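Chemist: predicted model follows, preceded by the sequence.
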Amino acid sequence: MNLQRQISPDGRTVTIAIHGRFDFSLHKDFREAYSGEAAAADRYVIDFKDTEYMDSSALGMLLLLREHVGGDTERVRLTNVSPELRKILEISNFHHLFKMD
């Protein structure tokens, strides 16, 4: 599986790690990762440490997550963003929509 979800013991933080390609093939799994028992979390962390590729459908999935949290920039953090992925996110102005490190 190219996606792993981890929920903190208190249930307040959901970490979703993307491995390999972040593209349309992960749409269903990505949506399920922040739904169900994870839907009540206060914070979502998307870990790009092992992400090699991101396409426009991945950008759309991030927007759906942002919509899920009510558009609150503080509730979603993109972490371990490589220079290549950062360039894609900045060109798309996602650095204004999400916290990134």
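Modeler: That came through, no problem.

Chemist: skip the chain neighbours and tell me the closest residue to H95.
Modeler: L89 (5.9 Å; C-beta to C-beta, 6 or more residues apart in numbering). Bear in mind the C-beta positions are built from the backbone N, C-alpha and C, glycine included.

Chemist: next: L3.
Modeler: Going by C-beta to C-beta, 6+ apart, L3 has D29 as its nearest residue, at 4.8 Å.

Chemist: buried ones in the helix or strand hosting that neighbour, by neighbour count?
Modeler: Element membership of D29 [criterion: DSSP states H and E] is helix 27-33. For helix 27-33, the neighbour count (16 or more other C-beta atoms under 10 Å) marks D29, F30, A33 as buried.

Chemist: with stretch 85-96 instead?
Modeler: L85, R86, I88, L89, F94.

Chemist: may I see these arranged in a markdown table, with pLDDT, secondary structure and distance to V14 as well?
Modeler: Shown next, in a markdown table, are the buried residues of stretch 85-96 (pLDDT from 0 to 100; DSSP: H, G, I helix; E, B strand; the rest coil; distance: C-beta to C-beta, whole Å):
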| residue | pLDDT | secondary structure | distance to V14 |
| --- | --- | --- | --- |
| L85 | 96 | helix | 20 |
| R86 | 96 | helix | 22 |
| I88 | 95 | helix | 23 |
| L89 | 96 | helix | 20 |
| F94 | 96 | helix | 19 |
